[in-house]
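Enquirer: I would like the atomic coordinates for the input below:
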Amino acid sequence: MTTTSTREHPLRACATAITQALADVVDLDPTWLPVDTKANLLLDLHRAHEQLGALKARVIAASGDLAEDRGARSVASWLAVETRDEAACCAAEEKLAKTLDRKYPTLAAAWATGGVNRNQVTVIARALDELPRRLGAEVIGAAEAELVRLAGFHNPRDLRILGRRILEVVAPEVADDEERKRLEDEERHARAKTRLVFKPLGDGRTRIVADIPDAIAAIFKSALHAHTSPRRDNHAEVVDGLPRLDPDTGERIPHDQLLGLAFCALVEHIPTDRLPTQGRTPVKIVAAIDHDKLRHDLGAAGLSTGDQISISQLRRLACEHSLLPAVLDGESQVLDLGRSQRLFTGPQRIAMGLVHHQCQARGCTVPAAWCEAHHKNPWAQGGNTDLADGALLCPWHHHRAHGRDYDQAWAPDGTVTFTRLRR
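Expert: The predicted structure follows:
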């Protein structure tokens, strides 16, 4: 006769007991507990919470067959559906569980006993993963044991710093050379990942999102803090030209807003005469405004970038030499040079950019600042260096304008269409 055991697995019995124990106290109010009891209870619950997390991680690491049985891509994806949790959170849980199961038994054991918490585990595992495998299992094992020991005295933030310096403790003979290699690798990675994106928000603001190397960020932050350090204002309204009080509310400006204002001040005072030229022209933003509107503070000024600003903003920036004002119907520089000069001048390029904000080839969106000045009628064939004969073309279209493979058709609006000749 065959008998079937009905004894529940200890792990399942543990989960059932915990669930029942929690159900038994769900209606109890902890408000009137003595302070010392609350302190001990919170510490006990914290330790129990971490031990449960470690147990859950062990089960996740051993549940690859569950995903296959239920037709799920992973344990994390199945768990996210069943618990209605965030898929990303479940995926991070599974990744950490597998990392501990496969590589870091000492760390896993410390978590299981409540000796470390989840955040410490994550930081330590990441620090160990960043150690080069060429160091060998013995060195990495020593680093794991030391970081687990340090977790008894330090929070995750401190552990993150200690993790980067752990070789100085467990393998001092190779620490300096490995630190050099790590920093060089990080610097190469930072250069490869450097990005800066402009996102106009449509309400007078542009969001700038940047990923830059740490060293550059440190220099940039120092420059901003030179303007915004609380030690320098002593509750003054204005320091170094930056307002400390909001003129509309009279309240002190938050530090993050102050950093933004400092960034604007730095940009406005960039010495443009030291920057690379664009098409032989110093970098300039030109603001065009009708003389009568400027005199009566009416309307808006159009920038050579295609944006618009108020007249009051124009006056301020013009005083700070951040903008080059182009007042229409007023005095201006000579823009038509006839045959006296072959190359277009800076003022001529500026004038062209006021009319055409991008390459004049139809459909091309290259900004005017990146374009080259072109003679519609070649100078060598009698063309004049005048505005009427000038155009802004990006380098790609400029090469085609001087080649023999394309026909050029100039439209009344100043745009040109290139058509390849058939031979």
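Enquirer: from here on, contacts and neighbour counts on C-alpha atoms
Expert: Fine.
Enquirer: May I ask which helix or strand of the chain has the lowest mean pLDDT?
Expert: When each helix and strand of the chain is scored by mean pLDDT, DSSP states H and E, strand 238-239 comes last, with a mean of 44.
Enquirer: and residue 196, how far is that from residue 28?
Expert: Look at residue 196 and residue 28: by C-alpha to C-alpha, to the nearest Å, they are 54 Å apart.
Enquirer: before we move on, what about residue 7?
Expert: Going from residue 7 to residue 28 by C-alpha to C-alpha gives 32 Å.
Enquirer: Check residue 212 too.
Expert: To residue 28, residue 212 is 52 Å away according to C-alpha to C-alpha.
Enquirer: Of these two, which one has the most company?
Expert: Between residue 212 and residue 28, counting by other C-alpha atoms under 10 Å, residue 212 is the more crowded of the two (16 against 7).
Enquirer: What ranges does the stretch 1-150 of the chain have for its helices?
Expert: Secondary structure of the stretch 1-150 of the chain (DSSP state H, counting those that start in this stretch): helices at 10-24, 35-61, 64-69, 75-83, 87-103, 105-112, 118-129, 137-150.
Enquirer: Specify the residue ranges that define each domain of the chain.
Expert: Taking automatic domain parsing as the reference, the chain has its domains at 38-172, 217-269, 274-328, 346-420.
Enquirer: so where's the stretch 301-423 of the chain uncertain?
Expert: Applying pLDDT under 70 to the stretch 301-423 of the chain flags residues 301-343, 379-382, 423.
Enquirer: For it, just list every one of the strands.
Expert: Assigned by DSSP state E, counting those that start in this stretch, the stretch 301-423 of the chain shows strands spanning 308-310, 324-328, 372-375, 390-393, 406-410, 416-420.
Enquirer: Quick one: residues in contact with the third one.
Expert: Yep, that's strand 372-375 we're talking about. Under the criterion C-alpha atoms under 8 Å, 6 or more residues apart in numbering, residues 279, 344, 349, 383-385, 389-395, 398 lie in contact with strand 372-375.
Enquirer: I'd like to know how far the closest residue to residue 85 other than its chain neighbours sits from residue 48.
Expert: Leaving aside its chain neighbours, residue 85 sits nearest to residue 79 (7.7 Å; criterion: C-alpha to C-alpha, 6 or more residues apart in numbering). Applying C-alpha to C-alpha, the value for residue 79 to residue 48 is 22 Å.
Enquirer: show me the contacts for the closest residue to residue 108 other than its chain neighbours.
Expert: Using C-alpha to C-alpha, 6+ apart and skipping the chain neighbours, the partner closest in space to residue 108 is residue 100 (5.7 Å). Contacts for residue 100 (C-alpha under 8 Å, 6+ apart) come out as 107, 108, 125.
Enquirer: repeat that with 10 Å
Expert: 54, 57-58, 61, 94, 106-109, 111, 121-122, 125 (C-alpha atoms under 10 Å, 6 or more residues apart in numbering).
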